[in-house]
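In: Quick one, structure for this:
(one chain, ligands or ions: 1)
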Amino acid sequence: MSYVGPEFEPADPSGSPRRRRFGGRPLTVAAAALVPACLAGWLIWDATADDGGKDSQGAPPASSSSASSDPDGKGETGPDKEKEKGKNDKGHGSSSKPSDPSAPSTSSKPSHSSRPAASGPLKGKVVVIDPGHNSGNFRHTTEINRPVDIGTNQKECDTTGTSTNNGYTEAQFTLDVSRRLRTLLEKEGATVKFTQDGDRPWGPCVDERAQIGNKAHADAVVSVHADGSAAGNRGFHVILPAKVQSGSADTSGIVAPSRELGERIAGKFLRVTGSAPSNYVGDGTGLDVRKDLGGLNLSTVPKVFIECGNMRDAKDSAQLTSGAWRQKAAQGISEGIVGFLRG
Ligand code: ZN
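Out: Model prediction:
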């Protein structure tokens with residue numbers, strides 16, 4: 001799917017994460033006019049929302065090749081030398097730069113703990129956030145390579161994830177965005193639980209990640225990732241569960257609500273970050289449906305993955321390594337979840 005319009009650049013150098021939340025309805029219409037008809041479905045979520053209103057501009061298609069990565073598989077892990085690079089280059093892309101006032105606390109908390117919910121519109125709602133991968137997975141290859149049952153087949157317990165070419169790892173990224181997201185959702189009154197919070201040496205396995213959401217009776221679960229595709233492949237996409245009824249997997253009850261959750265997140269993510277939907281997955285919709293991810297197959301509660309951008313593309317990675325941009329990413333995801341939970 002091609003896009004018209006200028007090359008996308010972050011339109012808000014001030015880095016204000018909230019600036020776009022209260023834009024006007026006319027810009028919503030303008031955005032809808034710029035994007036392909038196939039996007040109209042989830043843009044409706046924005047058109048009917050109270051807030052929102054940022055214009056969007058799509059990036060031109062840089063490549064027709066499909067090099068989609070796999071959040072649960074080996075496809076996004078890249079060459080071993082890159083893994084080592086990411087492993088050893090601990091200083092790059094730190095999420096807690098002093099100059100980044102919006103950076104979240106890095107203090108760890110027990111994985112499954114949740115803080116008392118504040119009052120707010122999401123009071124009583126439970127959101128499980130699944131920060132993809134784990135920074136320790138690089139050092140625990142035996143453990144994470146152990147096969148686990150994902151219903152349709154067996155798959156590795158977990159994967160290392162990808163990294164930028166400069167060694168900022170996906171695991172660092174996912175945990176940072178997830179912590180920012182937790183802060184935002186707790187302000188809305190939600191009870192938030194993590195699958196891991198940098199407080200365990202590796203994993204958890206994808207089946208356990210799903211079980212944590214199930215056991216929490218989560219009203220919504222989002223698994224945060226960034227992709228490891230070819231340079232030139234850009235943009236975000238949200239992965240929705242396919243209908244799977246095989247072995248221990250049965251997603252028949254979550255396909256529809258997960259789609260609504262994913263559409264709302266995609267719409268808000270576009271609006272808040274200004275990032276375009278993927279130009280290499282989902283035919284420009286920013287949505288992809290998969291049946292090969294254990295984290296989705298084994299979920300019994302509404303759940304989606306989001307690939308926030310491509311760490312292997314220079315322009316996308318410039319965003320992904322920016323604390324200000326990650327705050328926007330968290331804001332977009334949060335607004336999507338809030339919209340879904342408030343109905
Ligand atoms: Zn991933």
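In: drop to CA atoms for contacts and neighbour counts, all remaining ones
Out: Will do.
In: Give the residue spans of the stretch 101-250 of the chain that score low on pLDDT.
Out: The stretch 101-250 of the chain contains residues with pLDDT under 70 at 101-118.
In: For the ion, what's the nearest residue on it?
Out: When distances are taken as C-alpha to the ion, the stretch 101-250 of the chain reaches nearest to the ion at His225, 4.4 Å away.
In: what about that residue, neighbour count?
Out: 29 (other C-alpha atoms under 10 Å).
In: Just the mean pLDDT for the helix or strand hosting Gly309, thanks.
Out: Gly309 belongs to strand 303-310 when assigned by DSSP states H and E. Averaging pLDDT along strand 303-310 yields 98.
In: can you dump the C-alpha coordinates of the one helix or strand the residue of the stretch 101-250 of the chain closest to the ion maps to into PDB?
Out: His225 belongs to strand 220-227 when assigned by DSSP H and E. C-alpha atoms of strand 220-227 as PDB (Å, rounded to 0.1, in the frame of the first residue of the first chain):
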ATOM      1  CA  ALA A 220      -6.700  -6.100  28.200                       C
ATOM      2  CA  VAL A 221      -3.200  -7.300  27.500                       C
ATOM      3  CA  VAL A 222      -0.600  -5.700  25.300                       C
ATOM      4  CA  SER A 223       2.700  -7.200  24.400                       C
ATOM      5  CA  VAL A 224       5.200  -4.500  23.500                       C
ATOM      6  CA  HIS A 225       7.800  -5.200  20.800                       C
ATOM      7  CA  ALA A 226       9.900  -3.500  18.200                       C
ATOM      8  CA  ASP A 227      10.700  -5.200  14.900                       C
END
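In: anything in the strand holding Gly309 near the ion?
Out: No. For strand 303-310, no contact with the ion is found by C-alpha under 5 Å from the ion; the gap never falls below 7.3 Å.
In: Next, the angle from that strand to strand 220-227.
Out: Interaxial angle of strand 303-310 relative to strand 220-227 (axes from the mean of the first three to the mean of the last three C-alpha atoms, to 10 degrees): 30 degrees.
In: could you say what helices and strands whichever helix or strand comes after strand 303-310 packs with?
Out: As assigned by DSSP H and E, the chain's next helix or strand after strand 303-310 is helix 314-320. Other helices and strands packing on helix 314-320, by 3 or more C-alpha pairs under 8 Å, 6 or more residues apart in numbering; DSSP states H and E, are strand 303-310, helix 323-342.
In: helices or strands up against the strand holding His225?
Out: Contacting strand 220-227 under the criterion 3+ C-alpha pairs under 8 Å, 6+ apart are the following elements: strand 126-131, helix 170-187, strand 303-310.
In: Mean neighbour count, the helices and strands packed on helix 314-320: which tops it?
Out: Greatest average neighbour count among those goes to strand 303-310 (a mean of 29), per mean count of other C-alpha atoms under 10 Å.
In: That strand pairs with which strands, and in what direction?
Out: Partners of strand 303-310 in the sheet, by DSSP bridges, are strand 220-227 (parallel), strand 237-241 (antiparallel).
In: tell me which parts of the stretch 201-343 of the chain are close to the ion?
Out: Counting by C-alpha under 5 Å from the ion, the stretch 201-343 of the chain sits next to the ion at His225.
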